[in-house]
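A.B. asks: Here you go, sequence then predicted model.
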Amino acid sequence: MSLATIDRTPAPTAAPAASAPQPRLRAVPQGTEARGFVLYVGLDESKAAADGTDLGRLVDELKRVIAEHAPSAGTHAAVALAPVGAGGRDVDVVRLALQDPAALARHRQEEAAEPESRGGVIVDISRKRVVLDGEAAPLTYKEFELLQYLVLREGRTVGRQDLIADLWSTGDDEAPNERTIDVHVRRLRAKLGDFEDIVRTVRGVGYRFDRHADVAIHYASAPSPDFF
């Protein structure tokens, strides 16, 4: 007579149900909701070229990825501009140029610690003013806009028509022609005094901002004027 073999192998237990994914923690203050995000990319054109790409191509690829994963998302890309030779890490310059609140706060703290009594010119775009040898220059709003436009395009010659198109709206009663642009520049230079040559005339073309050793620019908290 054979004895039945008793299988003492424990019965398999049911696999635990997969736990639901936990929501990611978000630093969103109470009473608010997240409506999107910003990704700051620090990369100048020469570095992008060395990597075998360019800024426009990267923007297109990012938009494509977002459209693939979240078709309902809206996107907007802005390129951050800074004067040629501006120091600092690229990503920090980008955050300031596009007005990241934390970067702005740090930038203002650093500015407050800088003495303004030294000689020379401070073009303070973040506060919309120009300081000459420690004294604020009496620029009008439009004169400052004109100087800021040139400063943000340092090293580039800007034509008179570009100044008219970008600084005066089509419905403006005082929209100038090319000749009156020269008058605006003359008034600006007169108020710059001994430093008038930072706004240089390129004969037959337009105007250019030329930086000197005694010129400081607090530019980075201004919104970038150019967009993809």
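C.D. replies: Everything's here; your move. Numbers count the residues shown, from 1 in each chain.

A.B. asks: and the gap between the most centrally placed residue in the chain and Asp182?
C.D. replies: Against the mean C-alpha coordinate of the chain, by CA atoms, centre = their mean, the closest residue is Ala97 at 2.7 Å. Going from Ala97 to Asp182 by CB to CB, to the nearest Å gives 30 Å. Using the backbone N, CA and C atoms, a C-beta is placed for each residue, glycine as well.

A.B. asks: Any stretches of this structure with poor pLDDT?
C.D. replies: Flagging of the chain using pLDDT under 70 yields the residue ranges 1-28, 83-88, 107, 110-119, 169-175, 219-228.

A.B. asks: Could I get the full set of strands for it?
C.D. replies: For the chain, the strands identified by DSSP state E occupy 121-124, 129-132, 135-136, 158-159, 199-202, 206-209, 215-218, in order along the chain.

A.B. asks: Pipe those into a markdown table and attach distance to Lys47 per row.
C.D. replies: A markdown table is the format used below for those (distance: least, CB to CB, whole Å):
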| stretch | distance to Lys47 |
| --- | --- |
| strand 121-124 | 27 |
| strand 129-132 | 32 |
| strand 135-136 | 38 |
| strand 158-159 | 26 |
| strand 199-202 | 29 |
| strand 206-209 | 24 |
| strand 215-218 | 22 |
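
A.B. asks: Turn those strands into a markdown table, columns for distance to Leu188 and mean neighbour count.
C.D. replies: Putting the strands of the chain into a markdown table (distance: least, CB to CB, whole Å; neighbours: other CB atoms under 10 Å) gives the following:
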| stretch | distance to Leu188 | mean neighbour count |
| --- | --- | --- |
| strand 121-124 | 12 | 22 |
| strand 129-132 | 10 | 19 |
| strand 135-136 | 15 | 12 |
| strand 158-159 | 13 | 17 |
| strand 199-202 | 6 | 14 |
| strand 206-209 | 10 | 21 |
| strand 215-218 | 15 | 18 |
